[in-house]
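S.K.: Okay, sequence plus prediction incoming.
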Amino acid sequence: MSRIGKQPIPVPSGVSVKLAGQDVSVSGPKGSCSWSAPSTAGLAYDEASRVFTVTRVNDTKQARANHGLSRSLIANMIKGVSTGFERRLLIYGTGYNCKLEGRTLHLNIGFMGRGLGSASQFQMTVPDGVDVVVETPAARGDNDPAKLLIRGADKQAVGQFAAEIRALRKTEPYKGKGIRYEGEVVRRKQGKALAGAG
């Protein structure tokens, strides 16, 4: 029995669950999510005790693999619509900045010679179900790096959009310029010493 899959999922108050065959739909204060579970997963929701359980219909290798996965995905859906998920990105670099206009995120992150003049170097459309909050040093009144808060009910969508932004300019190891996750440890390298130094 899967150690993760056999754990029941408590459903907090304010979250509604609809189960139709293998289709699971949950909605709550932060939004709604839906997912179709594989046929190897047995789903049950006890509305009286507000507990969702996942079993497996047989003991094949695929069924065992889907057991814990199905339980984790449904638990993430319930957590997402009740409290939400978020990732925070930090943007380090002189002159690096970002701004949000409607559902379009504009990023200037140090790429020169792109023929864009004063236009943004990158423009990314914020996906549906995901919200972005931009915290610039000027708005906060400090010298900390610009921060992006990415949040939403869908854990996969939040993580995917954060990864796409980070991939535009990964942190380089010499000066530490680039985009990183909050709390991410960047291994710094020492630059080349001058010839004849010492």
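M.R.: Looks like it came in fine.

S.K.: From here on, just use CA atoms for contacts and neighbour counts.
M.R.: OK.

S.K.: what residue lies at the spatial centre of the protein?
M.R.: Nearest to the mean C-alpha position of the chain, by CA atoms, centre = their mean, lies Gly159 at 2.2 Å.

S.K.: my guess is that residue is in a strand, correct?
M.R.: No. Looking at Gly159 with DSSP: H, G, I helix; E, B strand; the rest coil, it is helix, so not inside a strand.

S.K.: Just give the nearest non-adjacent residue to it, would you?
M.R.: In space, not counting the residues next to it along the chain, Gly159 is nearest to Arg87; the distance is 7.0 Å by CA to CA, 6 or more residues apart in numbering.

S.K.: Show me which helix runs longest in this protein.
M.R.: Assignment by DSSP state H gives helix 61-82 as the longest helix of the chain.

S.K.: which of the residues in that one are buried?
M.R.: Across helix 61-82, burial judged by 16 or more other CA atoms under 10 Å covers 63-72, 74-82.

S.K.: And stretch 173-184, by the same measure?
M.R.: 176-181.

S.K.: again, but for stretch 88-96
M.R.: 88-93, 96.

S.K.: Distance across that stretch, terminal residue to terminal residue?
M.R.: Start and end residues of stretch 88-96 are separated by 16 Å (CA to CA, to the nearest Å).

S.K.: for the record, mean pLDDT for that stretch?
M.R.: The pLDDT scores in stretch 88-96 average 89.

S.K.: My reading is that Ala163 lies in a helix. Confirm?
M.R.: Yes. Checked against three-state DSSP, Ala163 lies within a helix.

S.K.: contacting residues for Lys39?
M.R.: One thing to correct before we go on: residue 39 is Ser, not Lys. Gln22 (CA atoms under 8 Å, 6 or more residues apart in numbering).

S.K.: if I look at it, how far off is Asp154?
M.R.: 22 Å.

S.K.: After the worst-scoring helix or strand of the chain on mean pLDDT, heading C-terminal, what element do we hit next?
M.R.: Ranking every helix and strand in the chain by mean pLDDT, DSSP states H and E puts helix 137-140 at the bottom, with a mean of 61. Sequence order places strand 146-152 as the next helix or strand after helix 137-140, per DSSP states H and E.

S.K.: tell me which residues in stretch 48-57 are buried?
M.R.: 52-56.

S.K.: I'd like those residues as TSV, with distance to Pro8 and pLDDT appended.
M.R.: What follows is the buried residues of stretch 48-57, written out as TSV (distance: CA to CA, whole Å; pLDDT from 0 to 100):
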residue	distance to Pro8	pLDDT
Phe52	6	96
Thr53	5	95
Val54	7	95
Thr55	10	94
Arg56	13	92
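
S.K.: now the residues you listed as JSON lines including secondary structure and distance to Arg188?
M.R.: Output for these, formatted as JSON lines (DSSP: H, G, I helix; E, B strand; the rest coil; distance: CA to CA, whole Å):
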{"residue": "Phe52", "secondary structure": "strand", "distance to Arg188": "46"}
{"residue": "Thr53", "secondary structure": "strand", "distance to Arg188": "46"}
{"residue": "Val54", "secondary structure": "strand", "distance to Arg188": "45"}
{"residue": "Thr55", "secondary structure": "strand", "distance to Arg188": "47"}
{"residue": "Arg56", "secondary structure": "strand", "distance to Arg188": "47"}
